[in-house]
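Student: 3D, please:
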Amino acid sequence: MTRVGWGRFALVGFLWGTPYLFIKVAVEEISPATIIFFRVLIGVMVLLPLALMQKKIRIPRRYWHIVLIYTVAELIGPWYLITHAEQKISSGLTGLLVATVPIWAAIFASMTGDHTVWHKSRLFGLIIGFIGVVAVVGIESLSGRQDLISIGMVILAAIGYAYAVNMINRKIPHVPAIALNSWAMIITSLFYLPFAISSWPTNTPSTQAIASVASLGIFCTAIAFIQFFKLLAEVGPPRASLITYLNTAVAVMLGVILLSEPITLGILLGLPLVLIGSYFASRKVPQ
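Tutor: I've put the predicted structure just below:
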C-alpha cells in the first residue's frame, strides 16, 4: 500500500468511526427517519454529480432487483436500526456491535460455497467472535445499563451489512461502486422522505444537532464513500475491509472522550474478542 493509500485508510477509518457519535447527538432532538433522509440527501448531492462526470451512473436493467435488495440490506434497514437503537444504547457499544460484520460475512460466504470458512484459523475467529458478542450482550443487558432490544437491532444491522456486501461481490462485482451507492442513496432518500416529513421536529433543533446531521451527510457518507472507492481501487476489498477494526476503536474512544460514556465490563471483555474474532474470520486461507 502506498503512502497515499495508508492516508486514505486512516481517513476512512476515522470518518466511519464517527457516525455513532453524530447519531447519538442528533437523535436526542431529531427523529431517526429525518436524520437518515438528510444524511442520504447530502450524500446524493455529492456522489451523483461525480458519478455523472465519470459516466459511471448507468446500471443495466437486469441488475435492478439486486440494487433494490442491496439498498434495503445496506442502507434503509441498517441505518434505521442503528439510529433508532442509539436512542437507548451508547455510541461506543453500537460501534463495537457493528464490528461483527466480518463474522457474519464469513458465515454468509460459507452458505454460498466458500468452504475455506471452516479452515481452523477462520473457525477459531468465528468462535472467539461469538464469545465476544455473547459477553457484550450478556453483560450489558444484565447490568441494566443497555437495552437488549436495541442491542439486537444493531446486531441485525451488522448482519444486513454483511449480507449486502456478500451479495454484491457474488452477483454484480463489475458494477461501479459509485453508481451502485448513488442509486441506493437516491432510493433511500425517496423512501424516507414521507417519514421525515411526518416526524419533522416541532421545535427547531439545536446547532449541535443540526451540525451532527450535516456531518453525517458530508463527512461520514459523501467524503468517506469517495475515499473508500479510491482505497478499494488501490488495495482491493480484503485489505480495505480491515478498516472495520479502526472504525471500532474510533467509535469507542470518541464516545468515552466526547460523550463521557463509560468503558463498561462488557466493552472491556467483548471489544478485544470481537476484533480478534473478526480478524481471523475474515482472513484469507489456502483453498
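
Student: after the worst-scoring helix or strand of the chain on mean pLDDT, next one along is what?
Tutor: Here the helix or strand of the chain ranked lowest by mean pLDDT, DSSP states H and E is helix 224-240, holding a mean of 74. Counting by DSSP states H and E, the element after helix 224-240 in chain order, helix or strand, is helix 243-259.

Student: what's that next one in contact with?
Tutor: Helix 243-259 has contacts (C-beta atoms under 8 Å, 6 or more residues apart in numbering) with 9-10, 12-14, 16-18, 20-21, 24-25, 90-92, 94-96, 98-99, 101-102, 228, 231, 261-263, 267, 271, 274-275, 278-279. Any C-beta I mention is one placed from the backbone N, CA and C, and that applies to glycine too.

Student: just stretch 44-61 next, same as before
Tutor: Contacts of stretch 44-61 (C-beta under 8 Å, 6+ apart): 67, 175-176, 178-183, 185-186, 189, 218, 222-223, 225-226.

Student: In ChimeraX, how would I select the buried members of those?
Tutor: Selection of buried members from the contacts of stretch 44-61 for ChimeraX, criterion 16 or more other C-beta atoms under 10 Å:
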select :67,175,176,178,179,180,181,182,183,185,186,189,218,222,223,225,226
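
Student: Which residues lie in contact with residue 6 in this structure?
Tutor: By C-beta under 8 Å, 6+ apart, residue 6 has no neighbours at all.

Student: quick one: buried residues of the helix or strand hosting it?
Tutor: Assigned by DSSP H and E, residue 6 belongs to helix 3-15. Across helix 3-15, burial judged by 16+ other C-beta under 10 Å covers 5, 8, 9, 11, 12, 13, 14, 15.

Student: and the angle from that helix to helix 243-259?
Tutor: With axes from the mean of the first three to the mean of the last three C-alpha atoms, to 10 degrees applied, the angle from helix 3-15 to helix 243-259 works out at 50 degrees.

Student: mind saving the C-alpha coords of the helix or strand following helix 3-15 as PDB?
Tutor: Next in sequence after helix 3-15, counting helices and strands by DSSP H and E, comes helix 19-26. What follows is helix 19-26 as a C-alpha-only set of coordinates in PDB (Å, rounded to 0.1, in the frame of the first residue of the first chain):
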ATOM      1  CA  PRO A  19     -21.200   8.300  12.700                       C
ATOM      2  CA  TYR A  20     -22.200   6.700  16.000                       C
ATOM      3  CA  LEU A  21     -21.100   9.900  17.800                       C
ATOM      4  CA  PHE A  22     -23.000  12.200  15.500                       C
ATOM      5  CA  ILE A  23     -26.100   9.900  15.500                       C
ATOM      6  CA  LYS A  24     -26.100   9.900  19.300                       C
ATOM      7  CA  VAL A  25     -26.100  13.700  19.400                       C
ATOM      8  CA  ALA A  26     -28.700  14.200  16.700                       C
END
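
Student: now helix 19-26: mean pLDDT?
Tutor: Averaged across helix 19-26, pLDDT comes to 96.

Student: Quick one: distance of it to the chain centre.
Tutor: With C-alpha atoms, centre = their mean, to the nearest Å as the basis, helix 19-26 stands 13 Å off its chain's centre.

Student: and the host helix or strand of residue 158, what other elements does it pack with?
Tutor: Residue 158 is part of helix 148-171, with elements assigned from DSSP H and E. If you count contacts as 3 or more C-beta pairs under 8 Å, 6 or more residues apart in numbering; DSSP states H and E, helix 148-171 packs onto helix 64-71, helix 77-85, helix 91-98, helix 101-111, helix 120-142.

Student: just curious, which of the buried residues of helix 3-15 is nearest to residue 106?
Tutor: residue 13 (20.7 Å; C-beta to C-beta).
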